[in-house]
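Engineer: Mind looking at a prediction? Sequence and model below.
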Amino acid sequence: MYVPHHFAVSDEETQAMLASITAAELVTPTASGLVATFLPLLYDDQTKSLLGHFARANDHWSVEPTGDSLVIARGGDAYISPTWYAAKREHGRVVPTWNYSTLHVHGRLQIHDDVAWLEELVTQLTQRQESVFAQPWQVTDAPRKYIDGQLKAIVGVQLHISRVESKAKLGQNRSIDDQLGVVEGLQRADPHDTVALAMQQNLRVE
């Protein structure tokens, strides 16, 4: 990953980005080319790995990798208009850009075709996503026979992490006035814009 020093992410921030992954693209190199699948994922700090599951009908789980697989997880992203920069009013030497954060997680795949392992995983995935609701759904809410059938229709996957690359392009190379102008511009369209929030948390004070 190309990471100019302005956009480098600390180890602590990288860990936070890993922990925040909920779903991402898994890309695996094979002898016949790249295979990619979008998966729900959960970071396991104890094993330093990402856990997820495929539909059993998806051939991705049965391919023979020719090297490490790659998970590409994106945070927020947004188009940045030059009209938001203070520099436009000062000298006009500005152009559009795109702000974003992204994480590239490399590692070795391990397949888990084990019902107990899968049930634990889907329980954790469900609890994580349902925790925001007043009355969260639980795996045990469904009939046992139905859950058993659903578990047989999926296959678990674990990415044992060997390398992580992270980048947060949030205007850190711009003046503080330019950064504030971008935050204001983004929030006019959406007061809860995730890129604006990330920029506020990373504002570079000169």
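Structural biologist: Structure received. Residues are numbered from 1 along each chain as shown.
Engineer: neighbouring strands for the helix or strand containing Ile111, and are they parallel or not?
Structural biologist: Assigned by DSSP states H and E, Ile111 falls within strand 97-112. Within its sheet, strand 97-112 is paired with strand 69-80 (antiparallel), strand 154-169 (antiparallel), according to DSSP bridges.
Engineer: of the ones you listed, which approaches Gly33 most closely?
Structural biologist: Closest of these to Gly33 is strand 69-80, at 13.6 Å (criterion: Cβ to Cβ). Using the backbone N, CA and C atoms, a C-beta is placed for each residue, glycine as well.
Engineer: Enumerate the positions of stretch 14-34 that are buried.
Structural biologist: Buried positions in stretch 14-34, judged by neighbour count with 16 or more other Cβ atoms under 10 Å: Thr14, Met17, Leu18, Ile21, Ala24, Leu26, Thr28.
Engineer: quick check, nearest of the residues you listed to Asn202?
Structural biologist: Nearest member of the buried residues of stretch 14-34 to Asn202, counting by Cβ to Cβ, is Met17, at 12.7 Å.
Engineer: Mind checking what helix or strand follows whichever strand or helix holds that closest one in sequence?
Structural biologist: Assigned by DSSP H and E, Met17 belongs to helix 11-19. Following helix 11-19 in sequence order, the next helix or strand is strand 23-30 (DSSP H and E).
Engineer: beta partners for the spatially most central residue of the chain?
Structural biologist: Among the residues of the chain, the one closest to the centroid is Ala73, at 2.9 Å (Cα atoms, centre = their mean). On the basis of DSSP bridges, Ala73 is bridged to Leu103.
Engineer: hang on, it packs against Ile21?
Structural biologist: Yes - in this structure, Ala73 is within contact of Ile21 by Cβ atoms under 8 Å, at 4.8 Å.
Engineer: Are there residues contacting both of these two? Which ones?
Structural biologist: Leu41, Leu103 (Cβ atoms under 8 Å, 6 or more residues apart in numbering).
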